[in-house]
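In: take this sequence and fold it.
(one chain, ligands or ions: 1)
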Amino acid sequence: MNETPPNGRAKAVEISHLSHSFKEHKAVIDLDLEVFTGEVFGLLGPNGAGKTTTIRGLTTLLPIQEGDVRVFGLDVKKQKMAVRRAIGYVPQQLSADAALTGRENVMLFARLFDVPRKDRKEQVDNALEAMGIEDAADRLASTYSGGMIRRLEMAQALINRPRLLVLDEPTIGLDPVARSNVWERVSELKDNTGMTVLLTTHYMDEADQMCDRIALMHLGKLRAIGAPQALKDELGEDATLEDVFRHHSGDSFADEGGGLRDVRSTRRTARRLG
Ligand SMILES: Nc1ncnc2c1ncn2[C@@H]1O[C@H](COP(=O)(O)OP(=O)(O)OP(=O)(O)O)[C@@H](O)[C@H]1O
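Out: Residues are numbered from 1 along each chain as shown. Got it, this is the predicted structure:
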């Protein structure tokens, strides 16, 4: 592996020997991974690589079958509630209610997370502002664009001021402008709050620009980990992350399930907006 851990940084996430199977199918195989505090970390891989299964394990949504997962030192198996309190999570599936306004959606999460009544209004306003949707806050979410819905879901996830924000394919199905808006907000969060961000994506170019470090997964296994530039430098001057992936997996990232992926991403977008 190619990891060069930043010296002296505390660990936000520690995954060791994580394996997860769905019946006979091994979705994650002996995964070791560390995410350091304050970094934007990208989990990359084609469909079926095991990214979502890994994320669902560390967010306590799937039981840990084998191995250990810690979030800020908390054991995901034994300290589920404390882990949940430390995390903000935006799943791939729609988590905003189209029949409520943006503000009402975020307020709902404030109640769910037991934000004290006296602080609720201010924290909801802050979360809406951090995601740049304060001007649209009193419109029904059904009138939002796909990019605005994504940012609303991130505002919901920020309401309990998490130390770790976990985003599963935050830009899937969005147009390039909406995608760069989402990334801009992620960067601002990192710069303004020092929050650790762990995200999955299959957009190599975006991960290359936006992530401090990435891990490449393929067929359930970790194939490479490190800073995008360091991984590319190992291969040569003009190497792309796509080349890095091909080098470590022997496969083409773009070809892997590409057609199906396009269909799925289009369908997801349609579902999100519908
Ligand atoms: N609930 C489930 N039941 C059975 N198989 C599953 C389940 N969830 C995931 N899998 C399988 O496990 C493998 C890993 O899936 P996972 O969703 O973790 O991949 P991924 O890298 O996140 O890809 P995607 O972008 O498609 O979500 C895939 O082969 C998938 O079909």
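
In: and Asp119, how far from Leu94?
Out: To Leu94, Asp119 is 27 Å away according to C-beta to C-beta, to the nearest Å. C-beta coordinates here come from the backbone N, C-alpha and C atoms, glycine included.

In: ok, those two, which is more surrounded?
Out: Leu94 (16 against 11; other C-beta atoms under 10 Å).

In: could I get the full set of helices for the stretch 51-200 of the chain?
Out: Here the stretch 51-200 of the chain has its helices, by DSSP state H, counting those that start in this stretch, at 51-58, 80-86, 102-112, 117-130, 146-158, 176-193.

In: got these as a markdown table, with mean pLDDT and distance to the ligand columns?
Out: Shown next, in a markdown table, are the helices of the stretch 51-200 of the chain (pLDDT from 0 to 100; distance: least, C-beta to the nearest ligand atom, whole Å):
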| stretch | mean pLDDT | distance to the ligand |
| --- | --- | --- |
| helix 51-58 | 95 | 3 |
| helix 80-86 | 94 | 19 |
| helix 102-112 | 96 | 24 |
| helix 117-130 | 94 | 26 |
| helix 146-158 | 94 | 16 |
| helix 176-193 | 90 | 16 |
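
In: burial of Gln229, as a residue count?
Out: For Gln229, the count of nearby residues is 10 (other C-beta under 10 Å).

In: please tell me how far it sits from the ligand.
Out: Applying C-beta to the nearest ligand atom, to the nearest Å, the value for Gln229 to the ligand is 24 Å.

In: change the start of the numbering to 13 and stick with it
Out: Done: numbering now begins at 13, and the last item shifts to Gln241.

In: quick check: phi and psi on the nearest residue to Pro240 once chain neighbours are set aside?
Out: Once flanking residues are discounted, Pro240 sits nearest to Asp220: 4.6 Å by C-beta to C-beta, 6 or more residues apart in numbering. Backbone torsions of Asp220, given as degrees, to the nearest 10, read phi -60, psi -40.

In: give the contact list for the closest residue to Lys89 other than its chain neighbours.
Out: Using C-beta to C-beta, 6+ apart and skipping the chain neighbours, the partner closest in space to Lys89 is Ile76 (5.1 Å). If a contact means C-beta atoms under 8 Å, 6 or more residues apart in numbering, then Ile76 has 30, 32, 69, 88-89 as its contacts.

In: buried residues, stretch 71-84. List them.
Out: 71-72, 74, 76, 79, 81-84 (16 or more other C-beta atoms under 10 Å).

In: out of these, who's nearest Ala148?
Out: Set against Ala148, the nearest of the buried residues of stretch 71-84 by C-beta to C-beta is Thr71 (27.8 Å).

In: next, count neighbours for Met93.
Out: Using other C-beta under 10 Å: Met93 sits among 9 other residues.

In: same question, Asp180
Out: A total of 20 residues lie near Asp180 under the criterion other C-beta under 10 Å.

In: isn't it up against Val102?
Out: Yes. Counting by C-beta atoms under 8 Å, Asp180 touches Val102, with 6.6 Å between them.

In: so what's Leu234 up against?
Out: 13, 43-45, 227-228.

In: what is it paired to in the beta sheet?
Out: According to DSSP bridges, the residues that bridge with Leu234 are Met229.

In: and the closest residue to Asp44 other than its chain neighbours, how close does it get to Leu243?
Out: Distance criterion C-beta to C-beta, 6+ apart; nearest residue to Asp44, sequence neighbours excluded, is Ser28 at 5.4 Å. Distance from Ser28 to Leu243, counting by C-beta to C-beta: 22 Å.
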